[in-house]
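J.: Quick one: sequence and predicted model below, then my questions.
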Amino acid sequence: QQDQAEGSMSGEESTTIREKIAQLEDRLEELASLKAELEASDKPSIALTDSDSRMMRTATGGSDMAYNVQIAVDGKHSLIVAHDVRTTVNDRQELIPMIEKACEVLDPEGLDVTADAGYYNEEMIRDCDEAEIGCYVAIPPQPNGKYYDKTMFTYDAEQDCYRCPAGELLRYRRTMDKENKRMRVYEGIACQGCSHRSRCTRSVRGNRTVYRWEHAHHIDALRERLARDRSKLEKRKEMVEHPFGTLKRWMDHGYFLMRGRTKVQGEMALSILAYNIKRVCGILGVPKLLELLGKYRPEAIEPPVACYT
């Protein structure tokens with residue numbers, strides 16, 4: 001319509017439209033360049049203001065360019081003993097790295113670790129067991145769908161079989177690779193004509209099968225620990241969520257002011273240092289803290305080359 005009416009438009013109006021079209025064409029070229037950059041990289045998104053950040057879900061249910069801050073808190077004094085600023089969009093790969101950081105400060109002997117369901121990672125839980133670290137990680141709930149889920153089948157270690165909700169057995173049949181794991185396959189022997197069949201499997205003729213990871217006994221041990229003592233999971237909320245609440249609300253550090261992961265790590269470290277000083281003042285008192293700081297003379301720190309005022 002603008003093209004048709006261009007002959008009747010004043011020169012000023014025509015120039016304005018041409019300028020807007022030129023701006024849109026420049027924007028299209030910019031977006032095409034960003035698209036090519038995105039396709040050439042291994043990143044799912046590109047941040048224009050901070051290239052190190054990643055698109056992550058927020059507490060409000062939306063998404064934003066952000067960093068994933070990890071902290072490890074000791075259960076006695078609620079001091080932050082380790083932290084990191086990550087670009088991973090979830091916590092599934094963070095359990096072992098944060099345990100290793102915490103063990104640089106804490107004695108690993110007799111260490112118990114608790115974390116929410118976001119950290120649930122079967123391989124890392126196995127590694128904790130093998131390192132004799134008490135692992136208390138919440139197990140994510142299974143989807144409550146139309147069919148019986150795996151948690152409703154009871155494993156019998158002595159007979160190496162499963163028992164279904166109807167009380168029938170599932171016997172071992174074979175071993176296979178699934179989802180990059182070595183899995184043992186168990187198959188029902190009395191599925192034909194079973195009154196629970198419509199709720200157990202969608203297969204018309206086949207039997208119900210259950211897959212078991214070859215190191216699943218570590219997950220079974222975790223379930224037993226959680227069944228014996230749920231208090232550690234409850235204590236996790238007050239140990240870890242309280243420092244985050246203090247940092248975000250009391251210290252007003254709900255977002256980062258710096259850009260780039262290196263600078264953001266420094267910003268986070270300063271906030272955690274301030275938090276820990278606040279905690280130590282509450283535990284020891286200011287006079288005792290000043291006394292201890294007065295005795296601290298690290299020889300490894302070199303004096304500054306120059307001072308600026």
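T.: Thanks, I have the structure now.
J.: Roughly how far does residue 197 sit from residue 148?
T.: Look at residue 197 and residue 148: by CB to CB, to the nearest Å, they are 10 Å apart. C-beta here means a position set from N, CA and C on the backbone, and glycine is covered the same way.
J.: Nearest spatial neighbour of the residue nearest to the spatial centre of the chain, chain-adjacent residues omitted?
T.: Ranked by distance to the mean C-alpha position of the chain (CA atoms, centre = their mean), the top residue is residue 91 at 1.3 Å. Closest residue to residue 91 apart from its sequence neighbours, by CB to CB, 6 or more residues apart in numbering: residue 118 at 4.2 Å.
J.: which ones are touching the one you found?
T.: By CB atoms under 8 Å, 6 or more residues apart in numbering, residue 118 lies in contact with 90, 91, 92.
J.: a helix runs through it, doesn't it?
T.: Yes - under DSSP: H, G, I helix; E, B strand; the rest coil, residue 118 falls within a helix.
J.: gap between the two ends of stretch 196-210?
T.: Start and end residues of stretch 196-210 are separated by 16 Å (CA to CA, to the nearest Å).
J.: residue ranges of the strands in the stretch 1-150 of the chain, please?
T.: With DSSP state E, counting those that start in this stretch as the criterion, the stretch 1-150 of the chain has strands at 54-57, 63-66, 68-73, 80-86, 112-115, 134-137.
J.: Report the buried residues of stretch 85-105.
T.: Buried residues in stretch 85-105, counted by 16 or more other CB atoms under 10 Å: 85, 86, 91, 94, 95, 96, 97, 98, 99, 101, 102, 103.
J.: is it true that residue 207 touches residue 201?
T.: Yes - using CB atoms under 8 Å, residue 207 makes contact with residue 201 at a distance of 7.4 Å.
J.: Name the residues contacting each of these two.
T.: Counting by CB under 8 Å, 6+ apart, the contacts common to residue 207 and residue 201 are residue 191.
J.: Tell me which of these two has more neighbours.
T.: Using other CB atoms under 10 Å, the more surrounded residue of residue 207 and residue 201 is residue 207, with 20 against 17.
J.: Give me the nearest residue to residue 140, chain neighbours excluded.
T.: residue 117 (4.4 Å).
J.: Then residue 46?
T.: Distances taken as CB to CB, 6+ apart put residue 38 closest to residue 46, at 5.3 Å, once the chain neighbours are dropped.
J.: can you count the residues close to that neighbour?
T.: Counted with other CB under 10 Å, residues neighbouring residue 38 total 13.
J.: hmm, back to that, quick check: pLDDT value at the residue nearest to residue 140.
T.: Note on residue 117: pLDDT of 92.
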